[in-house]
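Participant: requesting a structural model of the entry that follows:
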Amino acid sequence: MSNELGLRESKKQETRQLISDCATRLFVEQGFEQTTITEIAHAARVAKKTVTNYFPRKEDLALDHHEAFTQGLARTVADREQGEAPLTALERAFRATLAEHSPVAGFTGPEFARMVADSPTLTARLRELHDLREEALAQALVAASEKEEGKESGGGEEGKGEDASGGATAIRARAAAAQIAAADRLLFRRIQELTLAGRTNDEIEAALVPEADHVYGLLRAALQA
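Facilitator: Predicted coordinates:
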C-alpha cells in the first residue's frame with residue numbers, strides 16, 4: 001500500500017514539474033501575459049483543470065519556488081543550531097544559496113529574469129512574495145525571542161507571538177525582520193540586476209560576496225545598537 005502511495009505521489013510530482021516546465025518555456029517565448037492556461041495545458045498534454053489544480057494562480061506557474069522562498073528565512077531561524085544567533089544563521093544560509101546559485105536567491109537566468117521584469121503581474125507577485133517572506137521571518141523571530149526570554153526568566157510559557165504583538169519583544173523582533181528583509185530584497189534585486197546585465201552566475205557570485213559582507217556588517221551594527 002505504501003509503495004502504491006509512493007508511486008502515486010511520484011507521478012503527481014512528475015506531472016507538476018512537466019506543467020511548470022512547459023509553462024516556463026511558453027512564458028519565456030511569448031511573454032507571461034500573452035500565454036494562456038489553455039496553451040500550457042495543450043503543451044503539457046493535460047486537461048486545463050489539471051493545470052489549475054496544481055497551480056491555482058497563473059503567477060505560481062512561473063514563480064513555482066514560492067513556498068520555499070516565502071518560508072526560507074523563517075525556517076533558517078527555526079532550524080538554526082542551538083546557541084546560534086538568528087542573523088548568523090541567516091548570513092550562513094545566504095552564503096550557501098549564493099554558492100549554489102540558487103533560484104531562491106535570485107539566480108534565474110537572463111531569459112527568465114527578463115520575462116519577470118517585463119511582466120507587471122509577475123513583478124507585483126514577486127513583491128507580494130517578498131512581503132510574505134518578511135512576515136514569516138517576523139513570526140519566527142518573535143517566537144525565538146520569546147523562547148529565549150522565557151529561558152532567561154525561568155518561565156515556561158511560549159508561543160504567545162500574536163498575543164504579545166504589541167509588546168517590546170514583538171516590536172524588536174518585527175523591526176529586526178523588517179531590516180533583514182530589506183537587505184534580503186536588496187541582494188535579490190542585485191543578483192537580478194547583474195543577471196539582466198549579462199553577467200555569468202560565477203561573476204555574480206564573485207561580485208556579491210563582498211557586497212553581502214558589507215550588507216550583513218551593516219545589519220549586525222544596526223541590530224546590536
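
Participant: now do the helices in the protein.
Facilitator: 2-30, 37-44, 48-54, 59-62, 66-78, 86-100, 110-117, 120-153, 168-196, 201-224 (DSSP state H).

Participant: highest average neighbour count across those helices?
Facilitator: helix 59-62 (a mean of 21; mean count of other Cβ atoms under 10 Å). The C-beta positions use only the backbone N, C-alpha and C, and glycine is treated the same way.

Participant: give the contact list for the spatially most central residue of the chain.
Facilitator: Closest to where the C-alpha atoms of the chain average out (Cα atoms, centre = their mean) is residue 69, at 1.7 Å. Residue 69 is in contact with 63, 104, 129, 133, counting by Cβ atoms under 8 Å, 6 or more residues apart in numbering.

Participant: so can I have JSON lines of the helices of the chain showing mean pLDDT?
Facilitator: Formatted as JSON lines, the helices of the chain follow (pLDDT from 0 to 100):
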{"stretch": "helix 2-30", "mean pLDDT": "88"}
{"stretch": "helix 37-44", "mean pLDDT": "97"}
{"stretch": "helix 48-54", "mean pLDDT": "95"}
{"stretch": "helix 59-62", "mean pLDDT": "93"}
{"stretch": "helix 66-78", "mean pLDDT": "95"}
{"stretch": "helix 86-100", "mean pLDDT": "97"}
{"stretch": "helix 110-117", "mean pLDDT": "94"}
{"stretch": "helix 120-153", "mean pLDDT": "89"}
{"stretch": "helix 168-196", "mean pLDDT": "95"}
{"stretch": "helix 201-224", "mean pLDDT": "96"}
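
Participant: give the contact list for the closest residue to residue 111 other than its chain neighbours.
Facilitator: The spatial neighbour of residue 111 that comes closest, neighbours along the chain excluded (Cβ to Cβ, 6 or more residues apart in numbering), is residue 28 at 4.9 Å. For residue 28, the contact set (Cβ under 8 Å, 6+ apart) comprises 111-112, 115.

Participant: what about the closest residue in space to residue 58 that isn't next to it in sequence, distance to residue 53?
Facilitator: The shortest distance from residue 58 to any non-neighbouring residue, by Cβ to Cβ, 6+ apart, is to residue 37 (6.5 Å). Using Cβ to Cβ, to the nearest Å, residue 37 is found at 11 Å from residue 53.

Participant: same question, residue 214
Facilitator: For residue 214 relative to residue 53 (Cβ to Cβ), the value is 45 Å.

Participant: go on, residue 28?
Facilitator: Using Cβ to Cβ, residue 28 is found at 24 Å from residue 53.

Participant: over to residue 71?
Facilitator: Distance from residue 71 to residue 53, by Cβ to Cβ: 22 Å.

Participant: endpoints of stretch 26-42, how far apart?
Facilitator: Start-to-end span of stretch 26-42 (Cα to Cα, to the nearest Å) is 11 Å.

Participant: contacts for stretch 180-194 next, please.
Facilitator: Against stretch 180-194 from outside (Cβ under 8 Å, 6+ apart): 73, 87, 90, 94, 105-108, 113, 116-117, 130, 133-134, 137, 203-204, 207-208, 211-212, 215-216, 218-219.

Participant: same question but for stretch 106-116, I mixed them up
Facilitator: Counting by Cβ under 8 Å, 6+ apart, 24, 27-28, 31-32, 62-63, 101, 122-123, 126, 187-192, 195-196, 198, 201, 204 sit against stretch 106-116.

Participant: that'll do, ta.
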